[in-house]
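Asks: Sequence first, then the predicted structure, then my questions.
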Amino acid sequence: MRAKPSQVCLAVGTVWALPVCAQQVIEFTSAGTIACDDLRYEDYDVIVTGATVTIDCTHRFNSLLVRGGGVVTHSAALEEGLELIVAEDVTITQGSSINVSGTGYPAGTGPGAGRDGVNGANGGGGAYAGGGGDGSDTNALGGETYGSIKEPDQLGSGGGNGTPNGGGAGGGRLRLDVGGYLENFGNIRADGGSPRNSRGGGGSGGSIWITAEGLSGVGSITANGASWSDGCCGAGAGGGGRIALYVDDDSFDGRVQAYGGAAWNNLGHGGCGTIYTRSAQKPDGELYIANGTANNMGTEFAVPTEIEGDVVV
């Protein structure tokens, strides 16, 4: 890791006055990690330039800029995931990302895990908001749905194992609490992990929960379930994850998506995920449930106990 901390101090008044120090800045230009208990960069302006930086658990930054193909992620199978409390703005430039895809529960694990195929063949897909697609083998059922629509804060579940093993991991857990604007011209992703062979079930999408003063840009925000890996066999696809967006000023013109994955045999598609949005333009909130053109497994949710606004299918 090449991290470059800086502190600029400005003299005030006479030469006898104490200096006033400007905001501290840390720039990562090669791979690095900020562990759960690493508090060195709290309240810093953090810049990630052309590098992958793993940030685990909860941290407080003054601002975050991801640019030049940089990636921010969290460690695999970490239930605490990645939670950032940012006082000012978060900016993600084109070609850069906050990407926790495939960092959820491993194959065959999690609350919505897909079941392994009989004799290790054709596992079921993992579930989260959308049910996992069934594998073609006996008892290779897709996982069952779980989690909150309005406050999604769990990892996605892994797909069932095929021959040998091979299920995909679920998507990770991302929480962003932004005091200013989230400007997304790149990608924010918590997609399910692809199966490691043609008979493994796809991982489900994970969770993305964002609060911000404003959301703008033309990038993407996705928590899709994983599809089949190479056009063969009867494994189930992963169900879609959960996204919740709470913003005062929503001018985002990009793609927000939580589709279930597609299965090769057209019978084991994953169920669609949930996208809940609330903004000044939609103060009562709105729930989107969509899966493209694929037939799918079920998506379970409580109405009217959890949703006050419109439901769009």
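Replies: That came through fine. Residues are numbered from 1 along each chain as shown.
Asks: Provide the strand pairings for the longest strand seen in the chain, with the direction of each partner.
Replies: In the chain, taking DSSP state E as the definition, the longest strand is strand 173-184. The sheet places strand 173-184 alongside strand 82-86 (parallel), strand 90-92 (parallel), strand 207-216 (parallel), with pairing taken from DSSP bridges.
Asks: which other residues reach the first one?
Replies: Outside strand 82-86, the residues within contact range by Cβ atoms under 8 Å, 6 or more residues apart in numbering are 55-64, 72-74, 90, 98, 100, 172-180. Where you see a C-beta, it was placed from the backbone N, CA and C, and this is true even at glycine.
Asks: if you set the cut-off to 6 Å instead, what comes out?
Replies: Ile55, Thr58, His59, Arg60, Phe61, Leu64, His74, Leu174, Arg175, Leu176, Asp177, Val178 (Cβ atoms under 6 Å, 6 or more residues apart in numbering).
Asks: repeat for the shortest one
Replies: Strand 90-92 is contacted from outside by Leu64, Leu65, Val66, Val178, Leu182, Glu183, Asn184, Gly186, using Cβ under 6 Å, 6+ apart.
Asks: for those, which one is nearest Asp250?
Replies: Asp250 has its nearest neighbour among the contacts of strand 90-92 in Leu182, at 10.3 Å by Cβ to Cβ.
Asks: Strands along the stretch 1-150 of the chain, start to end?
Replies: In the stretch 1-150 of the chain, the strands defined using DSSP state E, counting those that start in this stretch lie at 9-10, 20-21, 25-28, 32-34, 45-49, 52-55, 57-61, 63-67, 71-73, 82-86, 90-92, 97-99.
Asks: so which of those comes closest to Gly271?
Replies: strand 97-99 (22.9 Å).
Asks: Who are the packing partners of that closest one?
Replies: strand 71-73, strand 187-189 (3 or more Cβ pairs under 6 Å, 6 or more residues apart in numbering; DSSP states H and E).
Asks: list the buried ones in the last one?
Replies: Going by neighbour count (16 or more other Cβ atoms under 10 Å), the buried part of strand 187-189 is Asn187, Ile188, Arg189.
Asks: Pick the most deeply packed of the strands paired with strand 173-184.
Replies: strand 90-92 (a mean of 24; mean count of other Cβ atoms under 10 Å).
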